[in-house]
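Engineer: Let's see this in three dimensions:
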Amino acid sequence: MAINEEQVKHVAKLAKLSFSDDELAGFTDQLGKIIDMVEQLGEVDTEGVPFTSNVSESINVMREDIAAPGWSRDELMKNVPESEDGFIKVPAIIDNGEAGA
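Structural biologist: Numbers count the residues shown, from 1 in each chain. You can find the predicted model right below:
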């Protein structure tokens, strides 16, 4: 499948990218080669080939999920530089609905 510069411009616009004329020509060539490779993969006979979801045969071994008692809030809050009403107080990142970090 041949791809032209107009199609590459359209994809670039969708991705909010802009290219110079030289870049556009290069990306048109590269994208055309990628599409050709994908089409070539579509021609491979995969009849009877089992589905592969993972190429590694390792099995995830996880520990048993057992609930354990946590730390006391008062004990944890001893490490906090500033708190208010039982919550950690941090500097404001957004003020009055406007970004202003």
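
Engineer: Quick one: low-confidence residue ranges for the chain.
Structural biologist: 1, 95-101 (pLDDT under 70).

Engineer: which residues of it fall in helices?
Structural biologist: For the chain, the helices defined by DSSP state H cover 5-14, 21-42, 73-77.

Engineer: Spatially central residue in the protein, please.
Structural biologist: The residue lying closest to the centre of the chain (Cα atoms, centre = their mean) is residue 15, at 15.2 Å.

Engineer: For it, what are phi and psi?
Structural biologist: Residue 15 adopts backbone torsions of phi -90, psi 0, taken as degrees, to the nearest 10.

Engineer: Show the contacting residues for it.
Structural biologist: Under the criterion of Cβ atoms under 8 Å, 6 or more residues apart in numbering, residue 15 has no contact partners. The C-beta positions use only the backbone N, C-alpha and C, and glycine is treated the same way.

Engineer: any idea how far it is from residue 86?
Structural biologist: To residue 86, residue 15 is 46 Å away according to Cβ to Cβ, to the nearest Å.

Engineer: Same check on residue 32?
Structural biologist: Taking Cβ to Cβ, one finds residue 32 at 61 Å from residue 86.

Engineer: Residue 24 now?
Structural biologist: 58 Å.

Engineer: ok, those two, which is more surrounded?
Structural biologist: When neighbours are counted by other Cβ atoms under 10 Å, residue 24 and residue 86 differ, and residue 24 comes out ahead with 16 against 8.

Engineer: wait, doesn't that one sit right on residue 9?
Structural biologist: Yes: with contact taken as Cβ atoms under 8 Å, residue 24 and residue 9 are classed as touching, separated by 6.9 Å.

Engineer: Would you check how far apart the residue of the chain positioned farthest from its centre and residue 8 are?
Structural biologist: Farthest-out residue of the chain from its mean C-alpha position, per Cα atoms, centre = their mean: residue 74, at 37.6 Å. Residue 74 is 61 Å from residue 8, where distance means Cβ to Cβ.

Engineer: Residue 32 now?
Structural biologist: Applying Cβ to Cβ to residue 32 and residue 8 gives a distance of 9 Å.

Engineer: which of those two has more neighbours?
Structural biologist: residue 8 (22 against 16).
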